[in-house]
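>>> here is a sequence together with a model predicted from it:
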Amino acid sequence: MKKLNTLKKSLFYLILTLLISSCSSTKLENGKVKYRNIKLNFENCCLATNISGFGKIKVYEKKLKVKIKKGNIKINPEFDNPKYTVGDIYMSLGKYVDKEKGTWETFNRSQKKVLDFTINSINNSIDLSGMTFEIPYTDNSELENSWIVITTTNETRKRTNYSHSTNRKQIFQR
């Protein structure tokens, strides 16, 4: 009986170790890609639109696959704009250019998705739940100290609004 309990404990720890190791890195195993899951929370303030929500990032060898589980876009109540059209939405990586000055840039942009939704009031919103984006990258150094940036354009596509992942020091490396 004691040997059986020891065997059960050993088996339990072996399975736990395998589960943890398979979720924490990206590997090629028998031709199948295993990926690393990272939680994504995003929000913004002080712009024409408020974009918030959460999702999941799957890290693959040359791309990040970002899925918004739940998210929305609303008009910022500080702006008096009862009718605002969101044109496009896309995701990219962001990184500080000068951290002391707070300047940053975006790079490695995903394909844009055309929304062309008009929000008629502060009470209405655009649902982003279920949207998926793929952000390409060529080198792991692009993933160091970067964060996810969600960009939307207005109706004329000349102005942009940003929302950031809340962790600006996210490491997406495998």
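Cool, the structure landed. Treat the numbers as computed from the prediction; the structure is a model and nothing was measured.

>>> find the nearest non-adjacent residue to Asp116, please.
Leaving out its chain neighbours, the residue that sits closest to Asp116 by C-beta to C-beta, 6 or more residues apart in numbering is Gly87, at 6.1 Å. (C-beta placed from N, C-alpha, C; glycine too.)

>>> could you verify my assumption that that neighbour touches Arg159?
No: look at Gly87 against Arg159 with C-beta atoms under 8 Å: they stay out of range, at 9.4 Å.

>>> number of residues surrounding the residue nearest to Asp116?
Gly87 sits with 18 neighbouring residues when counted by other C-beta atoms under 10 Å.

>>> so it is in which element?
strand 84-98 (DSSP states H and E).

>>> for this structure, just list every one of the strands.
Counting by DSSP state E, the chain has strands at residues 27-29, 32-34, 36-43, 49-59, 63-75, 84-98, 103-107, 113-119, 125-127, 132-136, 147-154, 160-165.

>>> right, so those strands: which one is the most enclosed?
Of all the strands of the chain, strand 147-154 has the most neighbours on average by mean count of other C-beta atoms under 10 Å, namely a mean of 22.

>>> which residues touch it?
Applying C-beta atoms under 8 Å, 6 or more residues apart in numbering, the contact partners of strand 147-154 are 40, 42, 48-49, 51, 57, 64, 66, 73, 84-95, 106, 115, 135, 159-165, 167-170.

>>> any idea how far Phe107 is from Pro82?
As for Phe107, its distance to Pro82 is 35 Å (criterion: C-beta to C-beta, to the nearest Å).

>>> one more: Ser125?
According to C-beta to C-beta, Ser125 stands 14 Å off from Pro82.

>>> hey, what's in contact with both of the two?
Overlap of the contact sets of Ser125 and Pro82 (by C-beta under 8 Å, 6+ apart) is empty.

>>> contacts only, for Lys67.
So Lys67 contacts 55-58, 130-132 (C-beta under 8 Å, 6+ apart).

>>> from Gly87, how far out is it?
From Lys67 over to Gly87 the distance is 22 Å, taken as C-beta to C-beta.

>>> likewise for Ile75?
Applying C-beta to C-beta, the value for Ile75 to Gly87 is 15 Å.

>>> kind regards, and thank you for your time.
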